[in-house]
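Asker: got a structure for you, letters missing:
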């Protein structure tokens, strides 16, 4: 672990998002062996991921944002509030924009299933941008001396995002396969949806290291985006088949993240 601690935060963020991309690729690989994934397993994984991301959004991002605002002499709640709201709206408006653009495409008007598949690929790709940035901001914040930010918290944030990337990879590749794409092409498109994460992580880490004055905003922006993704994508999807499993998964994910971040951080 010492070797990882001694790395540049930019390299740390890059390695962490290579992990999250790898889990996405692993999820996309499911298309080579199965036509669908057991819904109960997916529901539990999605609920667990939502719990981890909600807990990480507070302890690893929003709480440090509030503490840093106070340290920098700002109105303590102002930048965290603005960042949180704008981060959530970014995810919301991205979904709306994609849906509007794809609906207007003439060649997709009579292909609802294909349209949904393309929308899903685009939506997951765009959601991966703030997820990658959140990881970069977390690692960059540690190097910047942000109060309340810990290495274990940043690592667990990456683990939580990585875990939820597994069903996302499958959610991209399996519908494409059902639309007639080859297994190889479905897999390649599925894993490619997460390639934006390492890039956005590097951008996030660089911003944190170079522009400390807006760091409270960036931390809260990442937190807002994480909460929006959990609320719009993970939780609604996870409760469709089995609410009990998704709820238990969420409780487990939140509890584990809280214990690791608070007790070990």
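Answerer: Received it, and whenever you're ready, just let me know what you need. Everything quoted here is computed from the prediction, not taken from an experiment.

Asker: helix or strand for residue 14, which one?
Answerer: helix 9-28 (DSSP states H and E).

Asker: Give me the distance from that helix to the chain's centre.
Answerer: Distance of helix 9-28 from the chain centroid (CA atoms, centre = their mean, to the nearest Å) equals 11 Å.

Asker: what's the angle between the very next helix or strand once past that helix and helix 9-28?
Answerer: Moving toward the C-terminus from helix 9-28, the next helix or strand (DSSP H and E) is helix 39-56. Interaxial angle, helix 39-56 versus helix 9-28 (axes from the mean of the first three to the mean of the last three CA atoms, to 10 degrees): 160 degrees.

Asker: circling back to that earlier point, show the secondary-structure elements that the helix holding residue 14 is packed against.
Answerer: Judged by 3 or more CB pairs under 8 Å, 6 or more residues apart in numbering; DSSP states H and E, helix 9-28 is in contact with helix 112-143, helix 151-178, helix 183-192, helix 196-210. (Each C-beta comes from the backbone N, C-alpha and C, glycine too.)

Asker: want to try a markdown table for those helices, with mean neighbour count as columns?
Answerer: Output for the helices and strands packed on helix 9-28, formatted as a markdown table (neighbours: other CB atoms under 10 Å):
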| stretch | mean neighbour count |
| --- | --- |
| helix 112-143 | 23 |
| helix 151-178 | 24 |
| helix 183-192 | 19 |
| helix 196-210 | 22 |
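
Asker: is it possible to export these to JSON lines including distance to residue 44 and mean pLDDT?
Answerer: Output for the helices and strands packed on helix 9-28, formatted as JSON lines (distance: least, CB to CB, whole Å; pLDDT from 0 to 100):
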{"stretch": "helix 112-143", "distance to residue 44": "20", "mean pLDDT": "75"}
{"stretch": "helix 151-178", "distance to residue 44": "10", "mean pLDDT": "81"}
{"stretch": "helix 183-192", "distance to residue 44": "21", "mean pLDDT": "89"}
{"stretch": "helix 196-210", "distance to residue 44": "23", "mean pLDDT": "90"}
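
Asker: Out of the ones you listed, which gets nearest to residue 20?
Answerer: Taking CB to CB, helix 151-178 is the member of the helices and strands packed on helix 9-28 nearest to residue 20, at 4.2 Å.

Asker: Minimum distance to residue 259: which of the helices and strands packed on helix 9-28 has it?
Answerer: helix 151-178 (9.9 Å).
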